[in-house]
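Engineer: Sequence plus predicted model, see below.
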Amino acid sequence: MIQVENLSFSYGEKKILEKLTFDIRPGKFTSIIGPNGAGKTTLFRLLTKSLPPNQGKVMLGNRDLAAVSIKDFSKKAAVVSQELQIRFPFTCLEIVMMGRAPFRRRSGQIRKEDLQVVQECMEWTDTQGLKDALITEISGGEKQRVMLAKALAQSPEVLFLDEAFSNMDIEYRIRFLKRLKRLAAEQKITVVAIMHDLHLVNLFSDEVIVLKQGQLIETDQPEQIFTPQKMKHVFGIDAKRISSGELVISAS
């Protein structure tokens, strides 16, 4: 689904990412991890057309992402960013309806099919009770759920998530991670997520991409990534895996 080839990015003389090459397989839940300053957010922006690469390319399917229009990208992929700055008092229903914009007719007419998709996405994210609430007047966790519903309303083949659960209660985080893992498996939607909670990454990821200081350290399955040696090398922490597969991080 996504191929990254020799991808580099710099701000002036400061190198942020250097010669990254990896694949993201379709229908998998792939997490991007690394310590602060590893380049995760910059990589996310390159994958979602928010930044153009200085070198290399990102392939979405068989097309160079640089040659894909924003409208065509929006028909293939949806993005939930941690930067949720919505200043206008739209209702939550109106926000989720915006997810259908790439499929609207020129007349802008709302079709019955669009309303059906929106209703299903709000039910999926447990936000139907918020449909008449103003997006500017709900909690951070509720806002993230509404933005997830909006992204799903795009009927994406690829769903990009940047700390999309950070403001949710742990109950909702686990609930939606389980649902997204099932969605990826059953409907072959590719999920690409930046998450800082290594326990959740370990539990829900099919594959993990590890960055450090702008370099690709490794991409592999969680059981190959979350070893004591690699956690010490990447994060400088003591960790171990126990027989159940759970990741245990030591405070020492």
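Structural biologist: Yep, it's here. Numbering: from 1, shown residues only.
Engineer: average pLDDT across the biggest helix by length in the chain?
Structural biologist: In the chain, with assignment by DSSP state H, the single longest helix is helix 170-187. For helix 170-187, mean pLDDT is 94.
Engineer: Same question for stretch 44-62.
Structural biologist: 95.
Engineer: any idea how far M122 is from N6?
Structural biologist: Distance, M122 to N6, by CB to CB, to the nearest Å: 41 Å. Glycine gets a C-beta too; all of them are placed from N, C-alpha and C.
Engineer: Repeat that for K240.
Structural biologist: Using CB to CB, K240 is found at 35 Å from N6.
Engineer: which residue sits closest to P156, ignoring its sequence neighbours?
Structural biologist: Spatial nearest neighbour of P156, chain neighbours left out: A78 (3.9 Å); criterion: CB to CB, 6 or more residues apart in numbering.
Engineer: same for the helix or strand containing the one you found, what does it pack against?
Structural biologist: Element membership of A78 [criterion: DSSP states H and E] is strand 77-80. Packing partners of strand 77-80 (3 or more CB pairs under 8 Å, 6 or more residues apart in numbering; DSSP states H and E): helix 140-152, strand 158-162.
Engineer: does the residue sitting nearest the centre point of the chain have beta-bridge partners, and which?
Structural biologist: Geometric centre of the chain, nearest residue: L161, 1.8 Å, by CA atoms, centre = their mean. With DSSP bridges as the criterion, L161 is bridged to V80, A193.
Engineer: ok, it - contacts?
Structural biologist: Counting by CB atoms under 8 Å, 6 or more residues apart in numbering, L161 makes contact with 80, 191-195.
Engineer: so A149 touches T127, yeah?
Structural biologist: Yes - A149 is in contact with T127 according to CB atoms under 8 Å; the separation is 5.3 Å.
Engineer: Could you list the low-pLDDT ranges of the protein?
Structural biologist: For the chain, the stretches with pLDDT under 70 are 105-108, 241-247, 249-252.
Engineer: residue ranges for the strands of it, please.
Structural biologist: Applying DSSP state E to the chain gives strands spanning 2-11, 14-24, 29-33, 55-60, 63-64, 77-80, 158-162, 190-194, 207-212, 215-220, 239-241, 247-249.
Engineer: Switch these over to CSV; also include distance to V118.
Structural biologist: Shown next, in CSV, are the strands of the chain (distance: least, CB to CB, whole Å):
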stretch, distance to V118
strand 2-11, 27
strand 14-24, 28
strand 29-33, 24
strand 55-60, 25
strand 63-64, 28
strand 77-80, 14
strand 158-162, 16
strand 190-194, 21
strand 207-212, 31
strand 215-220, 35
strand 239-241, 41
strand 247-249, 37
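Engineer: Which of the ones you listed sits closest to L93?
Structural biologist: Using CB to CB as the measure, strand 77-80 is the one of the strands of the chain that comes nearest L93, at 17.6 Å.
Engineer: Tell me the gap between that closest one and the middle of its chain.
Structural biologist: Taking CA atoms, centre = their mean, to the nearest Å, the mean C-alpha location of strand 77-80 is offset from the chain mean by 7 Å.
Engineer: now stretch 145-161
Structural biologist: The answer for stretch 145-161 is 9 Å, by CA atoms, centre = their mean.
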